[in-house]
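Student: When you get a sec, could you give me coordinates for this:
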Amino acid sequence: MHHLSTKVENLAPSKTVEISNLAFKLKNNGIDVISFSAGEPDFDTPNFIKEAAKKAIDNGFTKYTPVKGLPILIEAIINKLKRENDLEFNNNQIIITTGAKQAITLALDALVDKGDEVIIPAPYWVSYPEMVKLSGGIPQIIPTFKEEGYKISYHSLKKAINKRTKALILNSPANPTGSIYTKQELEKIAEICIEHTIYIISDEIYEHIIFDGKHISIASLDDKIKRITIVINGCSKAYAMTGWRIGYAAGEAEIITGMAKIMSQRTTNTCSISQIAAVTALNGDKIVINQMVEEYRKRRDYMVKGLNEIGISCEIPPATFYLFPDISFLFKKRYDGKQIRTAVKLCMLLLEKENIAIVPGEPFGSNKNIRISFATSIENIKKGLKRIKRFLSKLS
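Tutor: Residues are numbered from 1 along each chain as shown. Below is the predicted model:
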């Protein structure tokens, strides 16, 4: 028997990846699975981006790049942040990473010492707590509530801070709830973090998938908050480039240099071809994003309406491509005489009995909810809703 490190033994696998992989395996076995579990766009990467990558390959652009990334991509990101987020950075304050996920882990590794606490509002993206643990930190989970839009309040944040608190992970727009923090809410958070010198890791990967409201980067509020904020973003969600693995971070030069030092010993650089593709994406016409967002809007509205009609109360999220309904009313119900009890059990039954893949809320920090992705076709949504309705009709 192999003796793995305590770090690995204490690490929870990603439940979203686990269920998506199971659905993929069933599909490969010829089973008609409807997957509402994926955390990625179902659209293909736009052709103009793919063509840029092909050209890079044909031109032999297949070598190492600087650790922090290609100067032309760094320039494109600097221009993007100024144009879209009213943020000014220089080329020493940007790093290109292998997905936004790596940008977050690098930021944590650069900032967090063993025993430091990192505040994470719940519900949260499943990987945040495990990332903090890997960095040697302690995740401090602060619950948020539906009545407050699943957003951390001024008072709960202030109460959570102690002498060991090092950082706050802020996700807006948020996975899995679709919540967006307003300028006024961000100002309150900034006030506390400036007062206590709490770093903010601001995950803004869903900034373009917004239906109602406006995205504001907390770093854009003023210079004081900008100095303690690491802005995280990438190309995966906005440009349907999840497999290209392009993320980036923007922050104070000292922090970015620290992140680069770690990255140089782990991966060296992000894929050179993907970096060229990202330059084309960021400098390109945003009409492709708008088209995808409008399609997501149609799917969101159709699915929310459909769920409410079959008895699952679901509010309309202002952003992302997720729904996060409370299904705890089903826990006392029975299927084939056995009580459901948990969201995990419900999701396993849906996959086993109706071939529908949905992620339970437990790994997101909420045992009453399920996360449903509508990053799939209207046709699949229709079929999935029929199956859920059929499943509900069998409960007693």
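
Student: C-alpha from now on. contacts and neighbour counts both.
Tutor: Noted.

Student: can I get the CA coordinates of the lowest-mean-pLDDT helix or strand in the chain in CSV?
Tutor: Lowest on mean pLDDT, DSSP states H and E among the helices and strands of the chain sits helix 15-28, with a mean of 77. Output in CSV follows, covering the C-alpha atoms of helix 15-28 (Å, rounded to 0.1, in the frame of the first residue of the first chain):
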residue,chain,number,x,y,z
LYS,A,15,-17.5,16.8,-7.2
THR,A,16,-18.4,18.7,-10.4
VAL,A,17,-15.6,17.0,-12.3
GLU,A,18,-16.5,13.6,-10.8
ILE,A,19,-20.2,13.8,-11.9
SER,A,20,-19.2,15.2,-15.3
ASN,A,21,-16.8,12.4,-15.8
LEU,A,22,-19.4,9.8,-14.8
ALA,A,23,-21.9,11.3,-17.3
PHE,A,24,-19.2,11.3,-20.0
LYS,A,25,-18.5,7.6,-19.2
LEU,A,26,-22.2,6.7,-19.5
LYS,A,27,-22.5,8.6,-22.8
ASN,A,28,-19.5,6.7,-24.1
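
Student: who touches that helix?
Tutor: The contact list for helix 15-28 (CA atoms under 8 Å, 6 or more residues apart in numbering) reads 32-33, 35, 37-39, 126, 357-359, 363.

Student: tell me the least confident of those?
Tutor: In terms of pLDDT, residue 38 ranks lowest among the contacts of helix 15-28, with 82.

Student: For it, what is the enclosing helix or strand?
Tutor: In the assignment (DSSP states H and E), residue 38 maps to no helix and no strand.

Student: ditto for the one 4 residues further on
Tutor: Applying DSSP H and E as the criterion places residue 42 outside every helix and strand.

Student: Quick check, it in contact with residue 374.
Tutor: No. Residue 42 lies out of contact with residue 374 (CA atoms under 8 Å); the separation is 9.3 Å.

Student: Following the chain past the longest helix belonging to the chain, name the next helix or strand.
Tutor: In the chain, assigned by DSSP state H, the helix with the most residues is helix 287-309. Proceeding N to C from helix 287-309, the next assigned helix or strand is strand 322-323, under DSSP H and E.

Student: And that next one, what does it pack against?
Tutor: Using 3 or more CA pairs under 8 Å, 6 or more residues apart in numbering; DSSP states H and E, the elements in contact with strand 322-323 are strand 370-373.

Student: Could you list the buried residues of the very next helix or strand once past the strand it packs on?
Tutor: Next along the chain after strand 370-373, taking DSSP H and E as the criterion, comes helix 378-393. Buried residues in helix 378-393, defined by neighbour count with 16 or more other CA atoms under 10 Å: 378, 380-381, 384-389, 392.

Student: same check, this time on stretch 84-101
Tutor: Of the residues in stretch 84-101, 85, 87-89, 91-101 count as buried by neighbour count, 16+ other CA under 10 Å.

Student: what's the span of that stretch from first residue to last?
Tutor: Taking CA to CA, to the nearest Å, stretch 84-101 runs 22 Å from one end to the other.

Student: Nearest spatial neighbour of the residue nearest the centre of the chain, chain-adjacent residues omitted?
Tutor: Nearest to the geometric centre of the chain sits residue 175, at 5.2 Å (CA atoms, centre = their mean). Of all residues not flanking residue 175 in the chain, residue 125 sits nearest, at 5.6 Å (CA to CA, 6 or more residues apart in numbering).

Student: what helix or strand is that neighbour on?
Tutor: Per DSSP H and E: residue 125 is located in neither a helix nor a strand.

Student: for the one 4 residues further on, same thing?
Tutor: Using DSSP H and E, residue 129 sits in helix 127-134.

Student: Which strands border the helix or strand following that helix, and is each parallel or antiparallel?
Tutor: Going down the chain from helix 127-134, the next helix or strand is strand 138-143, by DSSP H and E. Strand pairing for strand 138-143, determined by DSSP bridges: strand 117-122 (parallel).

Student: Contacts made by the partner strand with the rest, please.
Tutor: Taking CA under 8 Å, 6+ apart as the rule, strand 117-122 contacts 128-129, 132, 137-144, 150-152, 160, 164-170, 364-366.

Student: Now do the buried residues in that strand.
Tutor: For strand 117-122, using 16+ other CA under 10 Å, the buried residues are 117-122.

Student: Nearest to residue 255, out of those residues: which one, please.
Tutor: residue 118 (16.7 Å; CA to CA).

Student: What distance do you get for that closest one to residue 256?
Tutor: From residue 118 to residue 256 the distance is 19 Å (CA to CA).

Student: Which other helices and strands does the host helix or strand of residue 185 contact?
Tutor: Per DSSP H and E: residue 185 is located in helix 183-196. Secondary-structure packing of helix 183-196 (3+ CA pairs under 8 Å, 6+ apart): helix 154-160, helix 223-227.

Student: Single out the most deeply packed of the ones you listed.
Tutor: helix 223-227 (a mean of 18; mean count of other CA atoms under 10 Å).

Student: Now find how far off-centre that helix is within its chain.
Tutor: Averaged C-alpha coordinates place helix 223-227 at 24 Å from its chain's average position (CA atoms, centre = their mean, to the nearest Å).

Student: burial of residue 69, as a residue count?
Tutor: Counted with other CA atoms under 10 Å, the neighbours of residue 69 add up to 23.

Student: re earlier: do me a favour and average the pLDDT over the helix holding residue 185.
Tutor: On average, helix 183-196 scores 98.

Student: in that helix, what counts as buried?
Tutor: Neighbour-count burial for helix 183-196 [16+ other CA under 10 Å]: 183, 186-187, 189-190, 192-194.

Student: and what of stretch 319-330?
Tutor: Neighbour counts over stretch 319-330 (16+ other CA under 10 Å) mark 319-328, 330 as buried.

Student: Any chance of TSV for the residues you listed, columns distance to residue 47 and pLDDT?
Tutor: Output for the buried residues of stretch 319-330, formatted as TSV (distance: CA to CA, whole Å; pLDDT from 0 to 100):
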residue	distance to residue 47	pLDDT
319	25	98
320	23	98
321	22	98
322	26	98
323	29	98
324	32	98
325	35	98
326	39	97
327	40	97
328	43	97
330	44	97
